[in-house]
Every structure is written in C-alpha cells, then in structure tokens.
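In: Give me the fold of what follows.
(one chain, ligands or ions: 1)
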Amino acid sequence: MKKVIVWVSALLICSGLLGMTAFAQAPDRAVDKEGHQWWQHAVFYEIYPRSFADSNNDGVGDLKGIASKLDYLKDLGVDAIWISPCFPSPQVDFGYDVSDYENIDPMYGTLADFDVLASEARKRNIRIILDFVVNHSSDQHKWFLDSKSSRTSAHRDWYIWRDGKGPGQPPNNWASTFGGPAWKLDPTTNQYYYHYFYAEQPDLNWRNPAVKDAMFGIETWWYKRGVSGFRLDAVDTLFEDPKLQDNPILHPGTNAFGDPYEDNKNNTKLPEVHDVLRGLRKVADEHNAVLIGETWTTDVAELNQYYGDGNNELQLPMDFLFTMVNKLSPAEFRKQIAAVNGASGWPTFVISNHDIVRSYDRYGDGEHNDQIAKVMAALYLTLRGTPIMYYGEEIGMKTTPPTSKEEVKDPIGRTGWPKEKGRDGERTPMQWDGTANAGFSKAAPWLPVPPTYETHNVAAELKDHNSVLEFYRKVLKLRHDNTALLDGNYKAINETDDNVLSYLRIYKDHGTVVALNMTNAPQKISIGLKGNGFASVKSLLATEKSVATGDDVSLEPYGVFIGELSQ
Ligand code: NOJ
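Out: Below you'll find the predicted structure:
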C-alpha cells in the first residue's frame with residue numbers, strides 16, 4: 001500500500017513538473033534583418049476575460065471561451081494576447097484585486113485550462129501575456145490577512161501601516177484615485193493601511209525585500225508556465241515617500257468623487273520604481289519575454305525614463321499620449337507620432353482599453369463612425385511601433401455606459417455617479433453574432449450587450465467586404481507582409497495639411513505611403529514621389545473611392561489610401 005502511495009505521489013509530482021515545463025516558451029530569439037525582436041513585429045490584442053467568450057454559459061467569459069476563439073484571432077492577424085487579470089480574486093475591481101497570484105479564478109477555469117490555452121495558442125504561434133498587478137493585492141490575499149492580524153505578524157511590513165495623525169485623522173492628505181482617503185483604519189491593530197486604489201486593494205510595500213522576492217518569484221513562475229511577458233499594472237504607484245508628506249493641492253474645487261485636486265508627487269512616479277523595473281526586465285530577458293507598462297506619461301522625457309538608460313526597463317511602455325488626442329486632428333497626431341518616434345525606445349500605440357472610452361466613440365462623429373474606425377485602424381496599424389488592440393475594436397464596438405446608477409457594476413461608477421459613470425461602457429460582451437446575447441453566452445451576460453450587436457458582430461462583418469472587421473483584417477495582413485511597414489522609418493509628408501494625415505514608411509528601396517482623410521469632404525494630397533526617391537505608386541489597400549494618379553492621391557470623405565512606392 002505504502003509503495004502505491006509513493007508511486008502515485010511520484011507520478012503526481014512528475015506530472016506537476018511536466019505541467020510547469022511542457023508549455024514553457026522555447027527561447028525564440030530570432031531577430032529580423034533590422035535586429036527587431038518578436039515583440040516589435042507582433043500585433044497585441046487585449047482580452048478582458050469576463051467579456052470575451054463564455055464557454056460554460058454562466059454569463060461571464062472564461063479561459064475555455066478564449067481558447068475557442070484562437071482561430072478567429074489568428075485569422076485576424078493577432079500575434080499575442082494580453083489577458084487582463086484572470087487570477088483568483090474577490091472581483092471588487094474585476095480581477096485587479098488578486099488574492100492568489102499563482103492560480104486561476106474558478107470563474108475563469110483552472111490552471112489546467114490555462115495550460116491547454118497556452119498550448120493551443122502556441123500551436124498557432126500566438127503568445128500569451130498576463131496582467132501582473134504589482135502595486136497591490138486583494139485585502140483577501142493571505143499576505144494581507146496575516147499582515148492585518150497583529151502589529152507583529154510575519155507579513156505586517158508587506159503593506160504600509162501607520163498611526164493616524166490624531167483621533168480619526170489619517171496619516172496624511174492623500175486621496176485614493178478611486179475616491180475618498182487613501183487610508184483605511186483597521187480596528188484589529190488600530191492603525192491605518194494605505195491603498196492608492198480601492199480599500200480592498202492594499203498597496204504592497206516594495207521597500208520590503210521579501211515583497212520584491214515574492215513578486216519576482218511569481219514572474220518566473222509564470223514564465224516557466226509558458227507566458228511570454230506581462231503587462232505591468234499601475235507601475236507609477238509602486239513607491240511612496242517614506243516620510244509620507246502631504247501632497248500639494250493643485251487648485252480649488254473637487255473631482256467627481258468630491259476630493260480636492262492633488263499633485264500626486266509624493267505617491268506616484270517615485271524614482272525607486274525604475275530599480276524594480278530594471279530587476280523585472282533582467283528576469284524577462286532571461287525568458288525572451290516582453291514587459292508592457294501601464295505608464296501614464298505626460299511627455300516624451302517621462303516615456304524615456306520607462307525605457308530606461310540603455311533600454312533596460314520596459315520594452316513597451318504604453319504611449320497614452322496618443323489616446324489623449326481625442327479628435328481627428330492631423331496636426332495633433334503628427335505631433336504625437338513625431339514625439340514618440342523621437343523617444344529612446346520602440347513606440348507602442350494604443351487607442352482603446354478597458355479603462356477608457358472606446359476609440360469608436362472618442363473619434364466617431366455619430367454619422368461616419370465606421371469610416372472613422374477604418375481611418376484610425378489604418379493610422380495606428382501602419383505606424384512604426386507595436387500596436388495593442390482592444391477586443392471588439394476590430395468590429396466597431398461602441399461604448400455603452402449604464403444609464404442609471406443602479407445598473408453600474410464598476411464601483412467607481414457608483415461613488416462617482418453621475419460625473420464618473422465607471423468603466424462598464426467599454427467592457428461589454430464581445431459581439432460574435434446576431435443571435436441572443438450576441439453569441440457571447442447562453443445566459444444573461446454580466447453586462448448587457450449593446451444594441452449595436454445586430455449590425456456590428458463578427459459573423460455579419462465576416463460576410464461584408466466593406467465592414468470594419470474586413471478592413472482590420474486587410475490592414476493587419478499588410479502590416480505583417482510589407483517590408484516598409486515592418487522595418488521602415490517614418491517620414492511625415494504634407495506637414496501643414498489640416499485635413500489629411502500622410503506619411504511614408506521607407507526601408508531601403510521599399511516605400512509605402514499612407515494618406516488618411518480626417519474630414520467629411522473629399523481631399524487631395526501630393527506624395528512627392530520624386531523628391532523622396534520614387535517614381536510611381538500602386539494601391540495596396542484603399543477605401544472605395546480613394547485613388548492615386550501620378551503623384552496625387554484623391555481621398556473620399558474619411559478615405560484611406562495605402563500604396564506601394566516603386567523606384
Ligand atoms: C489599472 C487597471 O487598468 C485598472 O482597470 C485597475 O482598476 C487599476 N489599475 C487598479 O489595479
């Protein structure tokens with residue numbers, strides 16, 4: 001009997017070990033002729049797992065659901081998926097409150113499901129990026145439960161505990177970015193703990209080496225399980241001023257939560273963040289992995305800090321400067337593209353994600369939204385850099401915010417109502433087809449499906465050669481095949497044109513021109529073929545009435561023209 005138990009345990013241990021290594025990423029360090037690495041040519045696609053595809057019909061998406069859509073993603077032209085947090089979590093912030101970093105929330109499946117997803121993705125050459133919530137854990141994580149249990153507990157110093165300034169007064173004036181004070185008094189030990197986000201998301205104390213070791217261990221654990229990198233959540237907020245000095249108040253008035261406008265100089269963007277990023281990067285490099293950062297930079301100087309001296313921090317700090325351009329303005333885009341091109345690392349372009357109003361609504365005029373969605377796709381998918389798409393963007397999904405406070409699921413939408421309606425609007429279920437619940441689930445989805453699912457869904461758009469989806473598929477195909485788009489420099493042309501954004505991508509003798517009409521009227525531009533060393537142009541992808549004749553390109557309202565230049 002004893003023998004059998006030993007044998008079975010050995011088998012279990014072996015299969016566990018196999019599970020850990022079977023899908024480990026084989027180091028694929030191939031670079032192209034320009035020395036570009038896999039993440040520089042890859043198209044990334046963010047999946048909000050609650051809302052992508054529901055395999056067990058409980059109204060919430062899951063890992064098996066994602067696995068069932070891998071062929072769709074491959075066909076679309078996606079090379080890597082970033083899955084927003086799918087770890088065990090009380091779901092106060094829908095997964096951004098992690099209670100176990102080395103497991104999968106049962107709502108999404110199991111570790112075995114993750115392994116199947118990883119292996120199926122690998123078969124299709126799709127990499128998996130996970131969301132690493134490094135700033136805070138859930139208040140239900142065993143580390144925090146121990147930390148709060150007594151002032152002398154083993155994990156006490158894993159979080160930030162302080163006495164109040166006086167009775168009923170928190171240690172300082174810092175406000176949570178999700179509203180209210182950033183400190184919560186815990187009655188067990190009568191001290192306050194710090195939380196930059198919700199009170200259920202206590203900040204980890206990165207000044208404690210044990211925290212650093214634990215988090216680095218988690219990073220490696222997932223690499224061994226086959227992930228190809230991480231999107232690092234909220235990296236700005238890892239460190240706080242050790243003296244906990246008050247933040248200055250910027251100007252009078254209050255925000256949507258009724259808090260003063262403060263300058264977060266003492267609790268965000270502290271220089272120590274960069275030591276951590278350098279450390280995480282070192283481990284990433286050992287696994288040929290990529291680090292994407294949620295970096296809310298205000299200018300290129302800040303962006304450069306996240307690349308690090310000698311590019312030894314984040315390979316892909318997200319360029320949110322681009323998402324700050326909220327109108328179709330060639331001049332504004334030109335400015336941001338030039339700035340990011342002049343930065344010290346490889347550009348990363350994002351137009352939508354789970355925290356911001358979808359690009360379809362930010363740029364759309366209400367009448368030509370589909371055309372404008374194509375203009376935006378042609379823009380950020382033909383630039384020099386790595387694009388990160390957001391699920392549903394490719395079918396023209398619309399932001400559909402709740403219409404009453406009672407409907408709101410995202411807690412900030414309840415505390416900030418009506419000024420802040422929360423982020424439910426950009427997290428609605430993926431629209432797969434025109435059947436009930438848009439084919440997302442057979443059960444009522446956790447968020448309502450927007451009415452636009454009848455016209456904007458994958459099945460219908462695959463049949464319509466003029467759809468937003470078909471346009472995305474074509475641009476993505478071009479982006480993977482066209483040498484100038486892959487490796488070429490960016491060169492702005494017609495730089496004073498207020499209506500059309502146009503540029504060249506040039507690699508040696510290969511050239512591609514992109515012309516985007518950002519107005520509701522026909523427009524014309526000149527390419528300047530001769531001056532740029534080319535003789536002629538041939539259309540590669542254009543909207544219906546956009547054509548090149550000689551050196552000129554005529555564009556219909558919101559027209560797109562992408563053409564190959566020949567010498
Ligand atoms: C940034 C994430 O994108 C957001 O969704 C989340 O609420 C906060 N970080 C807190 O983790």
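In: The closest residue in space to P522 that isn't next to it in sequence - how many residues pack around it?
Out: Distance criterion Cβ to Cβ, 6 or more residues apart in numbering; nearest residue to P522, sequence neighbours excluded, is E556 at 5.8 Å. Where C-beta positions appear, they are placed from N, C-alpha and C, glycine not excepted. Number of residues near E556 (other Cβ atoms under 10 Å) recorded here: 18.
In: what's the answer for the one 4 residues further on, then?
Out: Other residues within reach of V560 by the criterion other Cβ under 10 Å amount to 25.
In: Show me the beta-bridge partners of it.
Out: L516 (DSSP bridges).
In: ok, now how distant is it from F349?
Out: Computed as Cβ to Cβ, to the nearest Å, the V560 to F349 distance reads 17 Å.
In: Helix, strand or coil: sort out whatever residue of the stretch 301-450 of the chain ends up closest to the ligand for me.
Out: At 4.7 Å from the ligand, D355 is the closest residue in the stretch 301-450 of the chain, using Cβ to the nearest ligand atom. Following DSSP: H, G, I helix; E, B strand; the rest coil, we place D355 in the coil state.
In: Output the set of residues of the stretch 51-200 of the chain in proximity to the ligand.
Out: For the stretch 51-200 of the chain, the residues in contact with the ligand (Cβ under 6 Å from any ligand atom) are D93, Y96, V133, F197.
In: Out of those residues, grab the one that's most surrounded.
Out: Ranking those using other Cβ under 10 Å puts V133 first, with 27 neighbours.
In: Tell me the residues on the protein that lie near the ligand, please.
Out: D93, Y96, V133, F197, D233, A234, E294, H354, D355.
In: try 8 Å
Out: Within reach of the ligand by Cβ under 8 Å from any ligand atom, the chain has these residues: 84, 93-94, 96-97, 131, 133, 135-136, 178, 197-198, 201, 233-234, 294, 353-355, 423.
In: which of those residues count as buried?
Out: Among the residues of the chain next to the ligand, those scoring as buried are 84, 93-94, 96-97, 131, 133, 135-136, 178, 197-198, 201, 233-234, 294, 353-354, 423 (criterion: 16 or more other Cβ atoms under 10 Å).
In: And the residue of this structure that's closest to the ligand?
Out: For the chain, Cβ to the nearest ligand atom, closest residue to the ligand: Y96, 3.3 Å.
In: Next, that residue: secondary structure please.
Out: coil.
In: just the helices in the stretch 201-350 of the chain please.
Out: According to DSSP state H, counting those that start in this stretch, the stretch 201-350 of the chain carries its helices in the segments 209-224, 272-286, 300-307, 330-341.
In: Please produce JSON lines containing those helices, extended by mean pLDDT.
Out: Listed next are those as JSON lines, based on pLDDT from 0 to 100:
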{"stretch": "helix 209-224", "mean pLDDT": "98"}
{"stretch": "helix 272-286", "mean pLDDT": "98"}
{"stretch": "helix 300-307", "mean pLDDT": "94"}
{"stretch": "helix 330-341", "mean pLDDT": "94"}
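In: Kindly present the ones you listed as a markdown table, with separate columns for distance to N437 and mean neighbour count.
Out: Below are the helices of the stretch 201-350 of the chain laid out as a markdown table (distance: least, Cβ to Cβ, whole Å; neighbours: other Cβ atoms under 10 Å):
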| stretch | distance to N437 | mean neighbour count |
| --- | --- | --- |
| helix 209-224 | 32 | 16 |
| helix 272-286 | 39 | 17 |
| helix 300-307 | 40 | 19 |
| helix 330-341 | 37 | 18 |
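In: Can you get me a residue count around A378?
Out: A378 - counted by other Cβ under 10 Å - has 26 other residues nearby.
In: What sits closest to it if chain neighbours are left out?
Out: A378's closest residue in space is V560 (Cβ to Cβ, 6+ apart), at 4.4 Å.
In: which ones are touching the one you found?
Out: Contact analysis of V560 by Cβ atoms under 8 Å, 6 or more residues apart in numbering lists K374, V375, A378, V514, A515, L516, N517, L541, A542, T543, S546.
In: how about 6 Å then?
Out: K374, V375, A378, L516, T543 (Cβ atoms under 6 Å, 6 or more residues apart in numbering).
In: so the fourth one touches A377, yeah?
Out: This means L516. No - counting by Cβ atoms under 6 Å, A377 is not a contact partner of L516; they are 10.1 Å apart.
In: With neighbour numbers in mind, choose between these two.
Out: Comparing L516 with A377 by neighbour count (other Cβ under 10 Å), the higher total belongs to L516, at 28 against 24.
In: contacting residues around that one?
Out: V375, A378, L379, L501, V560.
In: Make JSON lines from the residues you listed and add secondary structure and pLDDT to it.
Out: Output for those, formatted as JSON lines (DSSP: H, G, I helix; E, B strand; the rest coil; pLDDT from 0 to 100):
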{"residue": "V375", "secondary structure": "helix", "pLDDT": "98"}
{"residue": "A378", "secondary structure": "helix", "pLDDT": "98"}
{"residue": "L379", "secondary structure": "helix", "pLDDT": "98"}
{"residue": "L501", "secondary structure": "strand", "pLDDT": "98"}
{"residue": "V560", "secondary structure": "strand", "pLDDT": "98"}
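In: want to throw those into a markdown table with distance to F257?
Out: Formatted as a markdown table, the contacts of L516 follow (distance: Cβ to Cβ, whole Å):
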| residue | distance to F257 |
| --- | --- |
| V375 | 35 |
| A378 | 38 |
| L379 | 34 |
| L501 | 37 |
| V560 | 41 |
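In: Okay, now the unreliable bits of the protein?
Out: Residue ranges of the chain with pLDDT under 70: 1-29.
In: switch the cut-off to 90
Out: Along the chain, the model assigns pLDDT under 90 to residues 1-35, 296-299, 318-326.
In: Pop the domain breakdown of it in here.
Out: 10-139+207-474, 489-566 (automatic domain parsing).
In: so how many other residues sit close to the closest residue to V273 other than its chain neighbours?
Out: Excluding the flanking residues, the one nearest V273 by Cβ to Cβ, 6+ apart is L238, at 5.0 Å. Using other Cβ under 10 Å, L238 is surrounded by 26 other residues.
In: how close does L238 get to Y192?
Out: 19 Å.
In: And for T496?
Out: Taken as Cβ to Cβ, the span from T496 to Y192 is 55 Å.
In: and if you look at R151?
Out: 13 Å.
In: doesn't W82 fall inside a strand?
Out: Yes - applying three-state DSSP, one finds W82 inside a strand.
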